[in-house]
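Undergrad: next comes the sequence, and after it the predicted model I'd like to discuss.
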Amino acid sequence: MRIKQSLSDQISKCIAENYDVPVQEFEFQATRKEFRGDLTVVLFPLLKKLRTNPKDLGLIIGDHLKKNTDLVEDFAIIQGFLNLIFSNDHFLDHLNEIRKDEKYGFSKTKHPKEVIVEFSSPNTNKPLHLGHIRNNLLGFSVSRILEANGHSVVKTQIINDRGIHICKSMVAWQKYSDGETPESSGLKGDNLVGKYYVKFDEMYRAEVQNLKEKGHSEKEAAREAPILKEAQEMLKKWEDGDEAVMSLWNKMNNWVYAGFRATYQDLGVHFDKNYFESETYLVGRSFVKKGLKEGYFFEKEDGSVWVDLSDEGLDEKLLLRADGTAVYITQDIGTAIERVKDYNIDKMVYTVGNEQDYHFKVLFIILKKLGFDWADQLYHLSYGMVNLPEGKMKSREGKVVDADDLMKEMTNTAQEIGEELGKLEGYDEVQKLKLFREIGLAALKYFILKVEPTKNIIFNPKESVDFQGNTGPFIQYTYARIQSILRKTTFNIDEKVSDHQLNTKERELMKSMMEFPETVQQAGEQQNPALIANFSYELVKKFNSFYQEHPILGDNDHTTKVFRVQLAKSVGQTIENAFYLLGINVPERM
RNA sequence: AGCUCCGUAGUUCAAUGGAUAGAACAAAAGUUUCCUAAACUUUAGAUCCAGGUUCGAUCCCUGGCGGAGCUACCA
């Protein structure tokens, strides 16, 4: 980063000396591996402006850099590309900086922001599934990436603990459970409540079918099914504070929270602050009413409240139902307002699937209409769906990949592979299990995070997630090998190396490692963990290739040994830091 | 129907508008008396179609085609 900046300055100066037209910005790219060089200046964009040809321009710039910097030792011009060759000392100096920096890649910013990152935000009527896993991993990783860029982050979620969905589980539990509890059934709380959500849907569909057979239209049947009516009445009672309903609601939600806690812990994510829809929807409702009074919204004959967004090219949107109960967006209005009250924030990131793109567009406009200037600082981190080969996951129909089950499976696979390889001599069962969990989870997390957030993922449960190649375990493995080398090192490695001539693989590895700070910055700007994942993989591939070809502790020359151990250690540190940003642990052995 | 996102090897993913489109898995071949073979080294294989902008397009624009999502008094 700093290298490109100082090169830019020098080239700028050079052009000012030789041409009439000033230029400040230049295009750099890593030199392709088939050519000699470390960094390439793309000359094409400059040719027209300066009315010259690549050869002349390249020579002028190349000569200038060679004379005026310690960095550039030589250069070559191929077509419109000026390939710069860096001095050996430059790499030695850089390694000396990196190896002392445990936080290598992380930086401060001149403009630190206070950011709220929302992710997870589950409904309390069913257990978490693979879709939630993607959400959690993205949100958690983006939080860490923002922190690594010098911002301060509050990790939060809005727990959707009220609404028609939970009433559905409650009604079904009341009617069909015989008082079943997590204790009596041995079921995890969220699974138990989810079971009755599925049960509700089953009964509902049967009733709709029944009504249709009695001659009702499809639409009518869907609206008039008695069990749905019951759920709606329960929601109304809930909003009125009915004691029996509240007590059932509390009981069932607590079952679910216990379940969620376990899942979050297994997944390795946590939050700084939870918001509950049951507490924020009232705030939302009062602001909707305020907006109504002030004329931003309007009321229909049946008493429902709407906002007209046709000026923005959108539709009318419901904000309060005719019976006065709140809808999803009502609470989101309240939650946002509460958060701004609680924290002095510059920015808020909502990690929510792209199926809600429209919802957030509307939400941000509404907040703006209500007169909140901070509405401009809200950002929807939209990501693609995780689908099954046969289509969308559907909790109601039981067509889901359960989060707990999946993590368990990943651990089991890691265990099978690990036991077969049998390299864990001296580890007891507890240590082994911890390691297998780390590896299984790494496979899963990396599998999800390496994909560009905007893209949909098709997850085929029959094809297991890989543990070889471009995977989390592969990168962990490289880290573990490096730790093994460090354990076997018997000499002092803090000695400063100043006379080692780097070979090709060592140079490649250094170049790769030096890209890390810029990658972290980009990942922060784009809120994209996939960049970190891809970086990690490139780095690790280069390390393995180097390690295969060159001995580290086995070399005859002392200085070379010291240099290579330092290099390996720094690569290990970089892997650890990169994986920290992805929320993945790195093991000492595997 | 309208709006949004996505189309790259058989599969899963890469590629700030730049050089011969990179990897992994699967397939084929090789590497272990040596610091961990979950590794390394080879081989074969892809930009949905048609235009446009540009010195240069996987990337930007227009129009198709294909997939997903949204347009709910669901969340």
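TA: Happy to help now that I have it.
Undergrad: can we go C-alpha only for contacts and neighbour counts from here?
TA: Fine.
Undergrad: how far is stretch A:139-152 from where the chain is centred?
TA: 10 Å (Cα atoms, centre = their mean, to the nearest Å).
Undergrad: sorry, that was for stretch A:138-146
TA: 5 Å.
Undergrad: now stretch A:399-407
TA: With Cα atoms, centre = their mean, you get 19 Å for stretch A:399-407.
Undergrad: quick check: end-to-end length of that stretch?
TA: Stretch A:399-407 has its terminal residues 17 Å apart, counting by Cα to Cα, to the nearest Å.
Undergrad: contact residues of the stretch 51-200 of chain A facing RNA strand B?
TA: Within the stretch 51-200 of chain A, the positions near RNA strand B by Cα under 7 Å from any atom of the strand are A:78-79, A:81-83, A:123, A:160, A:163-165.
Undergrad: one more time with 10 Å
TA: A:76-84, A:121-125, A:158-168 (Cα under 10 Å from any atom of the strand).
Undergrad: mark which of those residues are buried, thanks.
TA: Among those, those classed as buried by 16 or more other Cα atoms under 10 Å are A:76-77, A:80-84, A:121-125, A:158-168.
Undergrad: what's the lowest-mean-pLDDT helix or strand in chain A in contact with?
TA: Lowest on mean pLDDT, DSSP states H and E among the helices and strands of chain A sits helix A:218-224, with a mean of 86. The contact list for helix A:218-224, computed with Cα atoms under 8 Å, 6 or more residues apart in numbering, reads A:208-209, A:211-212.
Undergrad: any idea which element A:Ile584 lies in?
TA: Take DSSP states H and E as the rule and A:Ile584 turns out to sit in neither a helix nor a strand.
Undergrad: give me the three-state assignment for the nearest residue to A:Gly37 once chain neighbours are set aside.
TA: Distance criterion Cα to Cα, 6 or more residues apart in numbering; nearest residue to A:Gly37, sequence neighbours excluded, is A:Ile85 at 4.5 Å. The assignment at A:Ile85 comes out as strand when based on DSSP: H, G, I helix; E, B strand; the rest coil.
Undergrad: A:Ile85 is in contact with A:Val41, isn't it?
TA: No. Judged on Cα atoms under 8 Å, A:Ile85 makes no contact with A:Val41 at a distance of 11.3 Å.
Undergrad: these two: which has the busier surroundings?
TA: A:Val41 (24 against 20; other Cα atoms under 10 Å).
Undergrad: now do the SS call for that one.
TA: strand.
Undergrad: does it touch A:Gln29 like I think?
TA: Yes. At 6.7 Å, A:Val41 and A:Gln29 qualify as touching, with contact defined as Cα under 8 Å.
Undergrad: show me what the helix or strand just after the least confident helix or strand of chain A packs onto, helices and strands only.
TA: Once helix A:218-224 ends, the next helix or strand along the chain (criterion: DSSP H and E) is helix A:226-239. Helices and strands touching helix A:226-239, as assessed by 3 or more Cα pairs under 8 Å, 6 or more residues apart in numbering; DSSP states H and E, comprise helix A:164-176, helix A:189-213, helix A:243-267.
Undergrad: now the second one: average pLDDT?
TA: Read it as helix A:189-213. Across helix A:189-213, pLDDT averages out at 93.
Undergrad: got the buried residues for it?
TA: Neighbour-count burial for helix A:189-213, counted by 16+ other Cα under 10 Å, picks out A:189-201, A:203-204, A:207-209, A:211-212.
Undergrad: next, the angle from it to helix A:226-239.
TA: Calculated by axes from the mean of the first three to the mean of the last three Cα atoms, to 10 degrees, helix A:189-213 forms an angle of 130 degrees with helix A:226-239.
Undergrad: circling back: residues contacting the residue nearest to A:Gly37?
TA: When contacts are counted by Cα under 8 Å, 6+ apart, A:Ile85 touches A:36-39, A:72-75.
Undergrad: so it bridges to which residues?
TA: Listed beta-bridge partners, A:Ile85: A:Asp74 (assigned using DSSP bridges).
Undergrad: quick check: it vs RNA strand B, distance?
TA: Taking Cα to the nearest atom of the strand, to the nearest Å as the measure, A:Ile85 falls 11 Å from RNA strand B.
Undergrad: likewise for A:Lys496?
TA: 20 Å.
Undergrad: thought A:Asn96 was touching that residue, still the case?
TA: Yes. The pair A:Lys496 / A:Asn96 is scored as a contact, 7.2 Å apart, by Cα under 8 Å.
Undergrad: neighbour-wise, which of those two wins?
TA: Counted by other Cα under 10 Å, A:Lys496 and A:Asn96 do not tie: A:Asn96 has more neighbours, with 19 against 14.
Undergrad: that one and A:Ser169, how far apart?
TA: Where A:Ser169 is concerned, A:Asn96 sits at a distance of 60 Å (Cα to Cα).
Undergrad: over to A:His129?
TA: A:His129 is 17 Å from A:Ser169, by Cα to Cα.
Undergrad: show me which of these two is the more surrounded one.
TA: A:Ser169 (26 against 19).
Undergrad: and the pLDDT for that one?
TA: pLDDT, A:Ser169: 95.
Undergrad: measure stretch A:99-113 end to end?
TA: With Cα to Cα as the measure, stretch A:99-113 spans 29 Å from end to end.
Undergrad: give the buried residues for that stretch.
TA: Within stretch A:99-113, the residues that count as buried by 16+ other Cα under 10 Å are A:99, A:104-106, A:113.
Undergrad: that stretch: how far from the chain's middle?
TA: 20 Å.
Undergrad: and the residue nearest to A:Lys113 when sequence neighbours are not counted, how many neighbours?
TA: Nearest non-adjacent residue to A:Lys113, counting by Cα to Cα, 6+ apart: A:His151, 5.0 Å away. A:His151 has 20 neighbours, counted by other Cα under 10 Å.
Undergrad: who are the contact partners of A:His151?
TA: Counting by Cα under 8 Å, 6+ apart, A:His151 touches A:108-109, A:112-115.
Undergrad: just give me the closest of these to RNA strand B.
TA: A:Thr109 (21.0 Å; Cα to the nearest atom of the strand).
Undergrad: that closest one and A:Leu211, how far apart?
TA: For A:Thr109, the distance to A:Leu211 - Cα to Cα - is 63 Å.
Undergrad: tell me how many other residues crowd the closest residue to RNA strand B within the stretch 251-400 of chain A.
TA: The stretch 251-400 of chain A approaches RNA strand B most closely through A:Glu355 (3.0 Å), counting by Cα to the nearest atom of the strand. By the criterion of other Cα under 10 Å, A:Glu355 has 12 neighbours.
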